[in-house]
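> Structure for the following, please:
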Amino acid sequence: VLVSIMAGGGKGSTKQDSTPSSTVAHSKGDTRVLADTRVQIVQSGTLPTAEQDAAAVVIAPTEFLLIGGIDQGETSLANIVEVSGSAHKIGALPAPLHDATASFIGGSAYLFGGGVLSSFPQITKIEASGATQPAGELPTPGSDVASATIGQTVYIVGGYTGLTPLRTILAWRPGQRA
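Numbering: from 1, shown residues only. Predicted coordinates:
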């Protein structure tokens, strides 16, 4: 089952099924309300296969990709699934993997690391068509990694080498080394 989570709120919001506002501590003793956020969960379709541990990346305001993952039989997947109201497979990775991370930069999605029995160092560019191509390597293989794009740089954080935890923050730009 595909579930979409839509957030909205602020003044003038009319959604009724909601969660309370979130607060955050900025410094010792200082808490501020982030926003009058309301979350609505709507079933919007089904995935081609049940999966977990896929990398997810937003590629447009109402569109995202699920990349790799693990199926119900605990087998790694090579699927590239586009979700935009409905979900459909648009391509496949060169090899199955899970526990990777993905970010969107410069009009393309990029997949970082991942693994199966061991962790991988690959950076893979994923085109809108679902086609893939190598885009570089991480200095150390990494699975269970996280990423965020700030400006024109992707930051790849933490992870696991397959033997030890990573305590690194890597900066990467398309066409450059991490």
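> any weak-confidence spans in this structure?
1-37, 44 (pLDDT under 70).
> Now do the contacts for E82.
Residues counted as contacts of E82 (Cβ atoms under 8 Å, 6 or more residues apart in numbering) are I59, E63, F64, L65, H88, K89, I90, G130. To be clear about C-beta, it is placed using only N, CA and C from the backbone, and glycine gets the same treatment.
> Just put those residues in TSV and tack on neighbour count.
TSV is the format used below for the contacts of E82 (neighbours: other Cβ atoms under 10 Å):
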residue	neighbour count
I59	18
E63	13
F64	20
L65	25
H88	12
K89	15
I90	16
G130	17
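> Return the closest of the residues you listed with respect to V154.
Closest approach to V154 among the contacts of E82 (Cβ to Cβ): I59, at 14.2 Å.
> Return stretch 116-131 as CSV; C-alpha atoms alone will do.
Output of stretch 116-131 as CSV, limited to C-alpha atoms (Å, rounded to 0.1, in the frame of the first residue of the first chain):
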residue,chain,number,x,y,z
VAL,A,116,23.9,-6.2,0.3
LEU,A,117,26.3,-8.4,2.3
SER,A,118,29.0,-5.7,2.2
SER,A,119,28.8,-1.9,1.8
PHE,A,120,29.4,-0.2,-1.6
PRO,A,121,31.2,3.0,-2.5
GLN,A,122,29.4,3.8,-5.7
ILE,A,123,27.7,7.1,-6.6
THR,A,124,25.1,6.5,-9.3
LYS,A,125,23.3,9.1,-11.4
ILE,A,126,19.7,8.3,-12.2
GLU,A,127,18.1,10.1,-15.1
ALA,A,128,14.4,11.0,-15.3
SER,A,129,14.0,8.1,-17.8
GLY,A,130,15.3,5.6,-15.1
ALA,A,131,18.6,5.1,-16.9
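> which parts of that stretch are buried?
V116, S119, F120, P121, Q122, I123, T124, K125, I126, G130 (16 or more other Cβ atoms under 10 Å).
> after the helix or strand containing P134, next one along is what?
Under the criterion DSSP states H and E, the helix or strand holding P134 is strand 132-137. Sequence order places strand 146-150 as the next helix or strand after strand 132-137, per DSSP H and E.
> List the residues that contact V81.
V81 touches L47, P48, A54, L65, L66, I67, A87, H88, K89, I90, counting by Cβ under 8 Å, 6+ apart.
> Can I get those residues in a markdown table including distance to A171 and secondary structure?
Converted to a markdown table, the contacts of V81 look like this (distance: Cβ to Cβ, whole Å; DSSP: H, G, I helix; E, B strand; the rest coil):
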| residue | distance to A171 | secondary structure |
| --- | --- | --- |
| L47 | 33 | coil |
| P48 | 34 | coil |
| A54 | 24 | coil |
| L65 | 23 | strand |
| L66 | 25 | strand |
| I67 | 21 | strand |
| A87 | 32 | strand |
| H88 | 34 | strand |
| K89 | 32 | strand |
| I90 | 29 | strand |
